[in-house]
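Peer 1: Please find the sequence and the predicted model below.
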Amino acid sequence: QVFPSQDPLDRADFNAVEYINALFPTEQSLANIDEVVNKIRLKIRRLDDNIRTVVRGQTNVGQDGRQALEEAQKAIQQLFGKIKDIKDKAEKSEQMVKEITRDIKQLDHAKRHLTTSITTLNHLHMLAGGVDSLEAMTRRRQYGEVANLLQGVVNVLEHFNKYMGIPQIRQLSERVKAAQNELGQQILADFEEAFPSQGTKRPGGPSNVLRDACLVANVLDPRIKQEIIKKFIKQHLSEYLVLFQENQDVAWLDKIDRRYAWIKRQLVDYEEKFGRMFPQEWCMTERIAVEFCHVTRTELAKIMRTRAKEIEVKLLLFAIQRTTNFEGLLAKRFSGCTLADGTVKKPEVPPPSTNPFLEDETGTETDEIVIEKSDSDKPKKPKVPDNPFHGIVSKCFEPHLYVYIESQDKNLSELIDRFVADFKAQGPPKPNVDEGGAVLPSCADLFVYYKKCMVQCSQLSTGEPMIALTTIFQKYLREYAWKILSGNLPKTTSSSGGLTITSLLKEKEGSEVAKFTLEELCLICSILSTAEYCLATTQQLEEKLKEKVDASLVERINLTGEMDTFSIVISNSIQLLVQDLDAACDPALTAMSKMQWQNVEHVGDQSPYVTSVILHIKQNVPIIRDNLASTRKYFTQFCIKFANSFIPKFINHLFKCKPISMVGAEQLLLDTHSLKMVLLDLPSIGSQVVRKAPASYTKIVVKGMTRAEMILKVVMAPHEPPVVFVDNYIKLLADCSTDTFQKILDMKGLKRSEQSSMLDLFRQRLPAPPSGAENSVSLSLSAPTPEQESSRIRKLEKLIKKRL
């Protein structure tokens, strides 16, 4: 590993036999044996010389190593001696420094103690002198000097907290506390003398003594300050309690303005007379206003409980409006700082709403509410700042808001009755194809009134009254849906007024009309559009009500039932439109089933009944589409429901066409294809703008009408041999029902005996598991048919392509 080598002699697994065989691979190579032996001997001698040299060199290295080790040991001993000397010198230096600085440390301690002693003595001198001066000034009522001195004495006394174990210091501290108590009682007595409790007004103006006394009260116990404020405000509002007693005429709600006018005058009078007496940070003006609000709320609640039967909605709204205006005035004048100090609890303010119903009344708002879908993606900023005084007085009106709720119940009932009367008087809306199905004006009026009520009630309360108002909203949303919308839907008649074959064949184009008139169709579309608008608006209304109400009451607001009611109106409207068009097509289908198809001699253009069906579709569908232009999804629903109703009915009438000749079947196949093309084009029929029909509708039409075509192709196929006919039927229709097969046989006009054998064969040929043949409908017969039949089918296909 240390000296890698490629020589075979150096390998650990050396094999002498293999090595010799490698040197002498043949007999002829033995001629060089002497030369090889000499080379090996020479190599051995060289190896011996190398070994000898290495051994001798190793002997000398050992001696040199021992000599170097001895020299290293000597050097370490010398280094250790030097380190010891340095350590001894460092200890001596440290001892010398300590001796030098010992005196300096003693001087430092002495200086610090002396400084502390001098400072403490100065504080003690100040404290003793301050206490004496404080007692003397207190007796002389020199409050101006006392205010500054007392603060200084209190600050100095804090330095002696750790010396309270000394009797003299403790005695000075007790004297300071006694002086503070004496000052507090003396100041309260001075205020009691200046503002006697029995009087309503102070006999003289404010004095400088009281102003300085307020400065002293700032330094004293906070209870002294609170007592002064409480007594002053109580004395200041004593006149208010007398003037607006419960038995006074001015105390009732109709004269509530006088209460707020009185406090405004009092605040102005206070500013003039006593504004400079109290420190500005006491906010006395705001405190007087806040206490007035509390007293007013208590007094109003008491008198409203006593005279609850006299409260009318106009009077209540008048009082609430004046009160909320006053609260707004307070919010502009004061900051509300006194509401957070524990004296008054700050009322909860509802979170800012993104309700589009709360748009500025003075803005460019119209009488109609327009709710855009993007409102939920664009949160609006609150229009007014947070009012800390909201509800401070008006909270007392909340227990009596049932009067307001009952009034709104009555007003909405009258509004619904007026809508009903107006509709009967004015009749259905005029057809307006250009604008699409117009929403009934009463719908906008209803939600405008809802907006007004919701804004008004949310300003009064966000609690139970909002829940009660929501219940009223639900009640009249349902009444609007049934009385205005469902109640005015046109009624269908039972008589069909069917057509005979003769009349159908002889009728002129345009002579038939639908069961509903143009005005009735427009009315149905208008009611459908109105119901859709009400559905979307009710959903928005629910969201806005949840935003306005307290968080604890959000779960109690649920307008799902009302939205379901409008959905029912929409479904009924669509069903009426489908039934009308479906009934208009019934006579044509009846005429189709009564025609003598076995007597048809040649294939011509489309039959008269097809023309009649197309005529009715072209008459009704454009009107419905234009009037539902704003509600495209419901027009698509109409088309799907009509296709689901018409196609099965057409197939049922197709089964009634019996017997059918070969030419008759070809004519019916041509008619079926024509109807298929018309139905595929139904959503855009008669429109200048051609739109692709929805995929869901196209799928229904293709599936249904293809089945009708397959039925006719089976009828056209020869019934001989029976096995081929049955197999073709199973392949084309994939219908395992014997009833359908029986109807096919009836259409072909087979005798009962032939039908019986065919039915037995059909039951035998039915596959046990359902096959996937249903989705692989072929457009031509795969089994071999007679040459003549094949020619007739090709001729029919050419005729259809020519028409297309």
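Peer 2: That came in fine, so what should we check first? Numbering: from 1, shown residues only.
Peer 1: Show me the helices in the stretch 451-600 of the chain, by range?
Peer 2: Counting by DSSP state H, counting those that start in this stretch, the stretch 451-600 of the chain forms helices over residues 464-479, 501-506, 518-548, 560-594, given from the N-terminal end onward.
Peer 1: what helices or strands is the longest one leaning on?
Peer 2: Under the contact criterion of 3 or more C-beta pairs under 8 Å, 6 or more residues apart in numbering; DSSP states H and E, helix 560-594 touches helix 464-479, helix 501-506, helix 518-548, helix 608-627, helix 632-655. The way it works is simple: take the backbone N, C-alpha and C, and place the C-beta from them, glycine included.
Peer 1: Tell me the secondary structure of residue 605, please.
Peer 2: coil (DSSP: H, G, I helix; E, B strand; the rest coil).
Peer 1: neighbours of it, just the number please.
Peer 2: In terms of burial, residue 605 registers 13 neighbours under the definition other C-beta atoms under 10 Å.
Peer 1: ditto for the one 3 residues further on
Peer 2: Residue 608 sits with 20 neighbouring residues when counted by other C-beta under 10 Å.
Peer 1: Give the other helices and strands that the longest helix anywhere in the chain contacts.
Peer 2: Longest among the helix segments of the chain by residue count, using DSSP state H, is helix 33-140. The elements that helix 33-140 packs onto, with contact taken as 3+ C-beta pairs under 8 Å, 6+ apart, are helix 143-157, helix 167-194.
Peer 1: Secondary structure element holding residue 730?
Peer 2: Of the helices and strands defined by DSSP states H and E, residue 730 is found in helix 722-733.
Peer 1: Flag every buried residue along stretch 166-177.
Peer 2: When neighbours are counted by 16 or more other C-beta atoms under 10 Å, the buried residues of stretch 166-177 are found to be 169, 172, 173, 175, 176.
Peer 1: Apologies, that question was intended for stretch 321-334.
Peer 2: With burial defined by 16+ other C-beta under 10 Å, the residues of stretch 321-334 counted as buried are 322, 323, 324, 326, 327, 330, 331, 334.
Peer 1: thinking again about what came up before, tabulate the buried residues of stretch 166-177 (CSV), appending distance to residue 462.
Peer 2: Rendered in CSV, the data for the buried residues of stretch 166-177 read as follows (distance: C-beta to C-beta, whole Å):
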residue, distance to residue 462
169, 60
172, 58
173, 54
175, 57
176, 52
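Peer 1: Put together a markdown table for the residues you listed, with distance to residue 20 and pLDDT on each row.
Peer 2: What follows is the buried residues of stretch 166-177, written out as a markdown table (distance: C-beta to C-beta, whole Å; pLDDT from 0 to 100):
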| residue | distance to residue 20 | pLDDT |
| --- | --- | --- |
| 169 | 118 | 71 |
| 172 | 123 | 73 |
| 173 | 120 | 69 |
| 175 | 127 | 73 |
| 176 | 123 | 70 |
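Peer 1: what residues go with each domain of the protein?
Peer 2: The record's domain split for the chain, according to the TED database, is 149-311, 394-490+517-571.
Peer 1: re the thing from before, out of the helices and strands packed on helix 560-594, the one nearest residue 120 is which?
Peer 2: Taking C-beta to C-beta as the measure, the helices and strands packed on helix 560-594 were each checked against residue 120, and helix 518-548 came out nearest at 66.0 Å.
Peer 1: follow-up on the earlier one: show me what the helix holding residue 730 packs onto, helices and strands only.
Peer 2: Using 3+ C-beta pairs under 8 Å, 6+ apart as the test, helix 722-733 ends up in contact with helix 695-716, helix 738-748, helix 752-765.
Peer 1: Return the distance of residue 321 relative to residue 423.
Peer 2: Applying C-beta to C-beta, to the nearest Å, one obtains 35 Å for the distance of residue 321 from residue 423.
Peer 1: could you dump the helices and strands packed on helix 722-733 to TSV with mean neighbour count and mean pLDDT?
Peer 2: TSV is the format used below for these (neighbours: other C-beta atoms under 10 Å; pLDDT from 0 to 100):
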stretch	mean neighbour count	mean pLDDT
helix 695-716	19	90
helix 738-748	19	84
helix 752-765	14	82
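Peer 1: Please name whichever of the ones you listed is nearest to residue 625.
Peer 2: Proximity to residue 625 (C-beta to C-beta) singles out helix 695-716 among the helices and strands packed on helix 722-733, at 13.0 Å.
Peer 1: Does anything pack onto the closest one? Which helices or strands?
Peer 2: Counting contacts by 3+ C-beta pairs under 8 Å, 6+ apart, helix 695-716 is packed against helix 632-655, helix 662-680, helix 722-733, helix 738-748, helix 787-803.
Peer 1: sorry, back to before: can you lay out the helices and strands packed on helix 722-733 as JSON lines showing distance to residue 247?
Peer 2: Formatted as JSON lines, the entries for the helices and strands packed on helix 722-733 read as follows, by distance: least, C-beta to C-beta, whole Å:
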{"stretch": "helix 695-716", "distance to residue 247": "76"}
{"stretch": "helix 738-748", "distance to residue 247": "92"}
{"stretch": "helix 752-765", "distance to residue 247": "101"}
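Peer 1: between these, which one is nearest to residue 468?
Peer 2: With C-beta to C-beta as the yardstick, what comes closest out of the helices and strands packed on helix 722-733 is helix 695-716 (44.3 Å).
Peer 1: Might you calculate how far the closest one sits from the centre of the chain?
Peer 2: 45 Å (C-alpha atoms, centre = their mean, to the nearest Å).
Peer 1: ok, of the helices and strands packed on helix 560-594, where does mean pLDDT dip lowest?
Peer 2: Here these differ in mean pLDDT, and the lowest is helix 501-506 at a mean of 38.
Peer 1: Using CSV, write out every CA atom in stretch 328-336.
Peer 2: Presented in CSV, the C-alpha positions along stretch 328-336 are these (Å, rounded to 0.1, in the frame of the first residue of the first chain):
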residue,chain,number,x,y,z
GLY,A,328,-74.4,63.9,17.1
LEU,A,329,-73.9,67.4,18.3
LEU,A,330,-72.1,66.1,21.4
ALA,A,331,-69.8,64.0,19.2
LYS,A,332,-68.8,67.1,17.3
ARG,A,333,-68.2,69.2,20.4
PHE,A,334,-66.5,66.6,22.7
SER,A,335,-64.0,63.9,22.3
GLY,A,336,-65.6,61.4,24.6
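Peer 1: Now do the SS call for residue 439.
Peer 2: Following three-state DSSP, residue 439 is assigned to coil.
Peer 1: same check, this time on the one 10 residues further on
Peer 2: Taken by three-state DSSP, the conformation at residue 449 corresponds to helix.
Peer 1: What helix or strand is the closest residue to it other than its chain neighbours located in?
Peer 2: If the residues on either side of it in the chain are set aside, residue 449 comes closest to residue 415, at 6.3 Å by C-beta to C-beta, 6 or more residues apart in numbering. Following DSSP H and E, the helix or strand that holds residue 415 is helix 402-426.
Peer 1: Does anything pack onto that helix? Which helices or strands?
Peer 2: By 3+ C-beta pairs under 8 Å, 6+ apart, helix 402-426 packs against helix 313-333, helix 441-460, helix 464-479.
Peer 1: For the ones you listed, give me a markdown table that also has distance to residue 192.
Peer 2: Converted to a markdown table, the helices and strands packed on helix 402-426 look like this (distance: least, C-beta to C-beta, whole Å):
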| stretch | distance to residue 192 |
| --- | --- |
| helix 313-333 | 30 |
| helix 441-460 | 42 |
| helix 464-479 | 45 |
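Peer 1: Now for the nearest residue to residue 561 once chain neighbours are set aside: which residues touch it?
Peer 2: Nearest residue to residue 561 in three dimensions, chain neighbours excluded: residue 474, at 7.1 Å (C-beta to C-beta, 6+ apart). With contacts defined as C-beta atoms under 8 Å, 6 or more residues apart in numbering, residue 474 is in contact with 559, 561, 562.
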